[in-house]
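1. here is a sequence with its predicted model. Questions after.
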Amino acid sequence: MRGRATTVFPVESVALSAPVPQLPHHNPTAKLYWPEEGRKSKVDILQKVYEMAMKDEEGKVKHHVPELVWSRMFKETSTSNIRRALGIDDAETGRRIFYINVFRELLPITKLSGDEFLG
């Protein structure tokens with residue numbers, strides 16, 4: 001998966017693999033991205049989604065939510081810090097910060113069909 005300044009790839013780590021069930025499609029996957037600093041973090045958003053999923057008795061949500069295994073925000077990588085170090089006048093405009101989130105890999109939507117796809 002790729003987006004604007006987003007890269008997702010498999011993780012090979014004993015420490016991060018430990019909490020993930022050893023099933024073929026449950027391998028840890030890292031998402032590296034540079035969102036704007038003012039945006040709500042994925043961790044905060046997912047916390048709300050997890051709260052909603054816990055109430056989902058039919059399984060329409062809870063089986064389709066990425067499971068966060070590990071997350072880190074690297075404050076020292078703020079683009080405003082980099083711009084100030086380079087002497088750029090308007091260092092604060094559009095500042096971004098580097099994040100790494102590790103999730104349990106979801107089954108790709110392209111592999112779902114029938115009721116599994118609709119559920």
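-> Cool, the structure landed. Bear in mind that the values here come from a model prediction, so they are computed numbers and not experimental data.

2. make sure Ser71 is indeed in a helix.
-> No - per DSSP: H, G, I helix; E, B strand; the rest coil, Ser71 lies outside any helix segment and is strand.

3. and it, how many neighbours does it have?
-> As a burial measure, Ser71 scores 15 neighbours (other C-beta atoms under 10 Å). Glycine gets a C-beta too; all of them are placed from N, C-alpha and C.

4. dump the residue contacts of Val102.
-> Val11, Leu16, Pro28, Thr29, Ala30, Lys31, Leu68, Val69, Trp70, Ser71 (C-beta atoms under 8 Å, 6 or more residues apart in numbering).

5. change it to 6 Å
-> Val102 makes contact with Val11, Leu16, Pro28, Ala30, Val69, Trp70, according to C-beta atoms under 6 Å, 6 or more residues apart in numbering.

6. setting aside sequence neighbours, what's the nearest residue to the first one?
-> If you skip the residues right next to it in sequence, Val11 has Pro28 as its closest partner in space, 4.1 Å away by C-beta to C-beta, 6 or more residues apart in numbering.

7. ok, now Phe9?
-> Per C-beta to C-beta, 6+ apart, closest to Phe9 is Ala30, 6.0 Å.

8. Pro10 versus the one you found, what's the distance?
-> Counting by C-beta to C-beta, to the nearest Å, the gap from Ala30 to Pro10 is 8 Å.

9. quick one: which of the two has more around it?
-> Comparing Ala30 with Pro10 by other C-beta under 10 Å, the one with more neighbours is Ala30, at 18 against 9.

10. bridge partners for the more buried one, pull those for me.
-> With DSSP bridges as the criterion, Ala30 is bridged to Phe9, Val102.

11. residue contacts, it?
-> Val11, Ile100, Val102.

12. if we go to 10 Å?
-> 7-13, 16, 69-70, 100-103 (C-beta atoms under 10 Å, 6 or more residues apart in numbering).

13. which of these are buried?
-> The neighbour-count test (16 or more other C-beta atoms under 10 Å) marks Val11, Val69, Asn101, Val102, Phe103 as buried among these.

14. where does this protein dip in pLDDT?
-> 1-5, 16-26, 107, 116-119 (pLDDT under 70).

15. which residue ranges of it form strands?
-> In the chain, strands defined by DSSP state E lie at 2-3, 6-10, 28-33, 68-74, 98-104, listed in chain order.
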